[in-house]
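Structure, please.
(one chain, ligands or ions: 2)
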Amino acid sequence: MTNTLKIKLIHEDAKMPYRANEGDAGLDLFSIEEKIIKAGETALVRTGIQMELPKGTEAQVRPRSGLALKHSITVLNSPGTIDEGYRGEIKIILINHGKEDFKVEQQMRIAQMVIAPVLQVKLVQEDALSNSDRDSGGFGSSGV
Ligand SMILES: O=c1ccn([C@H]2C[C@H](O)[C@@H](COP(=O)(O)OP(=O)(O)OP(=O)(O)O)O2)c(=O)[nH]1
Ligand SMILES: [Mg+2]
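Ligands and ions are numbered 1, 2, ... in the order given. Below you'll find the predicted structure:
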């Protein structure tokens, strides 16, 4: 079954999300802006696209590892969550963890998104939960 992801380009410089290789999980997202992100600072970068996700899915906005490794640029809220019903412009929150200013070029691939299924659950409030082996153990309870 083919799931359709509808994209609307809302700016003359906007580009369709880009799959570098067939089968890649990530669809690269392009900036429509030229912007300097100073060392240590955050910027909201426009992609110029709106989307209609397939029913029962979300898009996760993730960093590109090349930008992270070479320029210490990452997605601050990674993974960013694009809700199925969101029809606004997709914007990317980038942070520059490096010591040098970074220039986002127009039409630079700044992040990638992965489309993932979302389980829609019915919420039920209960007084008792079933037992489990782990019980309340967490935060290293199983050893290092
Ligand atoms: O990196 C991101 C993350 C989110 N969004 C859009 C799509 C998403 O559906 C909406 C809300 O995002 P989120 O739920 O993460 O933010 P919030 O602070 O909880 O806002 P809201 O109260 O609108 O849900 O903003 C983006 O464009 N880029
Ligand atoms: Mg929210």
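
what about residue 140, neighbour count?
7 (other CB atoms under 10 Å). In short, each C-beta sits where N, CA and C put it, glycine included.

my guess is it is in a helix, correct?
No: when DSSP: H, G, I helix; E, B strand; the rest coil is applied, residue 140 is found to be coil, with no helix at that position.

And what about residue 7, helix, strand or coil?
Secondary structure, three-state DSSP: residue 7 is strand.

cool, and residue 131?
Applying three-state DSSP: residue 131 is coil.

going forward, begin numbering at 51 instead of 1
Sure, I'll start counting at 51 from here, so that last one is residue 181.

ok, so what distance separates it from ligand 1?
Separation of residue 181 from ligand 1 (CB to the nearest ligand atom, to the nearest Å): 34 Å.

phi, psi of that residue?
phi -70, psi 160 (degrees, to the nearest 10).
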